[in-house]
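J.: Need a 3D model of the following:
(4 chains)
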Protein chains: 4
Amino acid sequence: MALIEPQRRTGRLEAFSDAVFAIALTLLVLDLLPERAQSPHQLLENWPAYLAYLTAFLTIGTVWLNHNEAIARVRHADPIVMLLNLGVLLGASLVPWPTVLVSNALREGDRADQVAAMMVFAGVAVIISVPWVVLDLYLARRPRLLNSSADVTWMNRHAVISAGTLLIAGVSVGVAFVSPLASLVLYLPVFAVFIAARVVETNSEFGRETGGDPA
Amino acid sequence: MALIEPQRRTGRLEAFSDAVFAIALTLLVLDLLPERAQSPHQLLENWPAYLAYLTAFLTIGTVWLNHNEAIARVRHADPIVMLLNLGVLLGASLVPWPTVLVSNALREGDRADQVAAMMVFAGVAVIISVPWVVLDLYLARRPRLLNSSADVTWMNRHAVISAGTLLIAGVSVGVAFVSPLASLVLYLPVFAVFIAARVVETNSEFGRETGGDPA
Amino acid sequence: MALIEPQRRTGRLEAFSDAVFAIALTLLVLDLLPERAQSPHQLLENWPAYLAYLTAFLTIGTVWLNHNEAIARVRHADPIVMLLNLGVLLGASLVPWPTVLVSNALREGDRADQVAAMMVFAGVAVIISVPWVVLDLYLARRPRLLNSSADVTWMNRHAVISAGTLLIAGVSVGVAFVSPLASLVLYLPVFAVFIAARVVETNSEFGRETGGDPA
Amino acid sequence: MALIEPQRRTGRLEAFSDAVFAIALTLLVLDLLPERAQSPHQLLENWPAYLAYLTAFLTIGTVWLNHNEAIARVRHADPIVMLLNLGVLLGASLVPWPTVLVSNALREGDRADQVAAMMVFAGVAVIISVPWVVLDLYLARRPRLLNSSADVTWMNRHAVISAGTLLIAGVSVGVAFVSPLASLVLYLPVFAVFIAARVVETNSEFGRETGGDPA
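T.: Numbering: from 1, shown residues only, chains lettered A, B, ... in the order given. Predicted structure coming up:
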């Protein structure tokens, strides 16, 4: 039947996802653009916007690093994979929304506004994580879509990590009732752990592939 | 004469289209970004924006999935294909416009505003579908531009489906006079059917290509 | 010395240019997004925005089609090519600016505003065309950067066409003093001719490459 | 273990970076889009916005040219490279922010606003440069991640150049206290030198690779 090369299809899924991540990440800057000239004092007072920017940037950056690792293990993206990936992109494309909500609420909103904003932030994390857990499990059960049998293990392990994000989102909502700022800052060490785990894991794999590194 | 490799030319058409789809999809979030801090009540009252976002996201997502399937069957994109594809992109790049119109009209507009907004939404669906029907038929008559003879059948079938979108757009305008909200919600099952059909069709093709799936 | 594969470098130049064209094209929709609900009457009164959108979309679409043809003939992009290409991208990324100027001026500005807006539109066309003429001539004199000797002829011919755009920009400024609307509409047949020429030219080349087409 | 092809991983790093650079560059135009029709006088009075646009465009353009050169020398991007690259992208995605600050401050702000805006501009240059210096040094110590041993020399040399950017950022802050406009204009010759150095360097390398150029 119709000849569709696997690489090509993963290629477009990657290109499209990269574009969505890159745009969502770059649109975050819109929250920083002022209508009028800013005094040094106004620039400093705007710190919640910078904190929200950094958290959102790291959110999308971490999602991108993980997406990279996950899709590198996929040999062929079937329509279900494409669909679940669209679910992840739906969440990623929403990130600028809670970012602006949190930034505005911390600058000028009351406690109720701040808690609501952090709940939307956590909700978007859930929208990203749920289709991803399903995607991990779907791929783990279909070895023919993956590059090697080791990738089955990786997908199962990654499903647990992705599900962990749901737990963190829940905790962050609880923390928001005590301190919305702490709830936002909570995400930063989570990303640090995520990224460090990826670095350790991939470095050890790469070490095994290429032999020791004299550096 | 000048040596232009077919793959390369399809590659840029895909990359450019992916970028336009990804940007149109990600710009939808601009409608959600508030100027000021939002109370929980304001966030809930804003539901028409969320519904419009979801419908528009699924519109572009479905277009992307179909574009993927269609262009994977094209071996060489000649200038007519590029031009018809630009027509599809013209429609896709307009999607944020009716999305904001519908979102604003449902929140604060009167019935006439809402009907007009849904007419623009349907109009944009028509701008996407008409060049696509022409593209399908153009490719079905030029087998040398396609990967295999099976793709001729696919293009003819897809032309009928794309033409069906025109029917749905017409129906949605009629429904808008009775209930603008129903007219918007009408698009959701349509996308579900579209996506399900693609999943069934491609899975069966892939099954034939690679043999049975033990999962 | 350092091993840099030619394909790869052209690949990134294309990917980056495609992204800039795609974003500039998709940002045009921002001019259409209203702050509040629109009545059917307001939607109709907004026609200058639609006309400006269509003209700007065709401007960038035509630039993209031409860029595609030109870069497909380049074997290796050296830094001068990259730099001249950045000049073309500077112009392309500016297109949303005169589009909004023209749209606003036709809706609510006086004659002086409209003439000024059309002068900016023509100025942006000049910013796109001047580096492109230089790029065409630079490449025509460096056959080693091109795929074949036939591409030298193509580049020389394209330099004349690009220079023709400068003439059209000048004429459109003259026409703007008589009728700003006519000055804007003037661009539409120009793009049609551009695109038709590309279709005829490439089809005839493709015909020679692959043999006759039975369709 | 899991088979991850080096090319593929560099490919996505490049595609994602290209998209971020392209979007940051194209979003700059948002600062030029007026709310209402502009008189010729208003268009001329807006010159600080044009100067800021040009400087920011050249900033991102120069970053892109350098990124191109640097990553072309990378054979495999490990997670540390990805992470340091995300740092560079964090800086690049922020560029529209100081651009709008400078543009607003020069048009309507007082001296303190202008100095603060130029300090943010310099700060963003620092955010781009610091991870880049670290990236250069990291790669210079890991030849297995590079294409050839000559690339080690290149990375060490580039680290010095990137560190030089930090010096320029410091000087520009000092100059800002005397004249904010001079501080902004100062960046233009810096980019010119950067680009000229790249042209000379790469041309000489390319000349050695391919033999003399008769043109």
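J.: Just the buried positions in the host helix or strand of A:N156, please.
T.: Under the criterion of DSSP states H and E, A:N156 resides in helix A:150-178. For helix A:150-178, a neighbour-count test (16 or more other CB atoms under 10 Å in any protein chain shown) marks A:151-152, A:154-155, A:158-159, A:161-162, A:165, A:168-169, A:172-173, A:175-176 as buried. Where you see a C-beta, it was placed from the backbone N, CA and C, and this is true even at glycine.
J.: Run through the neighbouring helices and strands of the host helix or strand of A:A122.
T.: According to DSSP H and E, A:A122 maps onto helix A:111-140. Applying 3 or more CB pairs under 8 Å, 6 or more residues apart in numbering or on different chains; DSSP states H and E, we find helix A:111-140 packed against helix A:47-72, helix A:79-94, helix A:96-108, helix A:150-178, helix A:180-185, helix B:40-45.
J.: Dump those helices to JSON lines, plus distance to chain D.
T.: What follows is these, written out as JSON lines (distance: least, CB to the nearest CB, whole Å):
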{"stretch": "helix A:47-72", "distance to chain D": "5"}
{"stretch": "helix A:79-94", "distance to chain D": "13"}
{"stretch": "helix A:96-108", "distance to chain D": "12"}
{"stretch": "helix A:150-178", "distance to chain D": "5"}
{"stretch": "helix A:180-185", "distance to chain D": "18"}
{"stretch": "helix B:40-45", "distance to chain D": "24"}
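J.: As a markdown table, those helices with mean pLDDT and distance to D:H41 would be great.
T.: Formatted as a markdown table, the helices and strands packed on helix A:111-140 follow (pLDDT from 0 to 100; distance: least, CB to CB, whole Å):
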| stretch | mean pLDDT | distance to D:H41 |
| --- | --- | --- |
| helix A:47-72 | 93 | 34 |
| helix A:79-94 | 94 | 41 |
| helix A:96-108 | 95 | 35 |
| helix A:150-178 | 92 | 50 |
| helix A:180-185 | 94 | 45 |
| helix B:40-45 | 95 | 40 |
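J.: ok, back up a step: so which of the buried residues of helix A:150-178 comes closest to chain C?
T.: Among these, A:D151 lies closest to chain C (CB to the nearest CB), at 27.2 Å.
J.: if we can go back for a sec, nearest to C:G61, of the helices and strands packed on helix A:111-140?
T.: Proximity to C:G61, assessed across those by CB to CB, is greatest for helix A:79-94 (24.7 Å).
J.: What angle do helix A:111-140 and that closest one make with each other?
T.: 160 degrees (axes from the mean of the first three to the mean of the last three CA atoms, to 10 degrees).
J.: Contact partners for the residue nearest the centre of chain A?
T.: For chain A, the residue nearest the mean C-alpha position is A:V63 (2.7 Å; CA atoms, centre = their mean). With contact set as CB atoms under 8 Å, 6 or more residues apart in numbering or on different chains, A:V63 has these partners: A:F21, A:V88, A:A92, A:I128.
J.: Switch the helices and strands packed on helix A:111-140 over to CSV; also include distance to D:R142.
T.: CSV is the format used below for the helices and strands packed on helix A:111-140 (distance: least, CB to CB, whole Å):
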stretch, distance to D:R142
helix A:47-72, 19
helix A:79-94, 31
helix A:96-108, 35
helix A:150-178, 24
helix A:180-185, 33
helix B:40-45, 48
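J.: For D:D113, which of these is the nearest?
T.: Nearest to D:D113, of the helices and strands packed on helix A:111-140 and by CB to CB, is helix A:47-72 at 17.4 Å.
J.: For that closest one, what is the distance to the chain centroid?
T.: A distance of 5 Å separates the centroid of the chain from that of helix A:47-72, by CA atoms, centre = their mean, to the nearest Å.
J.: And it, what's buried?
T.: Neighbour counts over helix A:47-72 (16+ other CB under 10 Å) mark A:48-72 as buried.
J.: who in chain A is up against chain C?
T.: Residues of chain A lying close to chain C by CB under 8 Å from any CB of the partner chain are A:A19, A:I23.
J.: Would you enumerate the residues in contact with the residue of chain A found nearest chain C?
T.: For chain A, the residue closest to chain C is A:A19, as judged by CB to the nearest CB, at 7.6 Å. Counting by CB under 8 Å, 6+ apart, A:A19 touches B:D18, B:A19, B:A22, B:I23, C:A19, D:A19.
J.: okay, now the nearest residue to A:E45 once chain neighbours are set aside: neighbour count?
T.: Spatial nearest neighbour of A:E45, chain neighbours left out: A:R107 (7.6 Å); criterion: CB to CB, 6 or more residues apart in numbering or on different chains. A:R107 sits with 15 neighbouring residues when counted by other CB atoms under 10 Å in any protein chain shown.
J.: my read: A:R107 touches A:P48, true?
T.: Yes - at 5.1 Å, A:R107 and A:P48 qualify as touching, with contact defined as CB atoms under 8 Å.
J.: before we move on, the earlier item: tell me the one among the buried residues of helix A:150-178 nearest to chain B.
T.: Out of these, the member with the shortest distance to chain B (by CB to the nearest CB) is A:V152, at 11.0 Å.
J.: ok, that closest one - contacts?
T.: A:A140, A:P143, A:L146.
J.: what about A:V199, is that helix, strand or coil?
T.: Of the three states, A:V199 takes helix according to DSSP: H, G, I helix; E, B strand; the rest coil.
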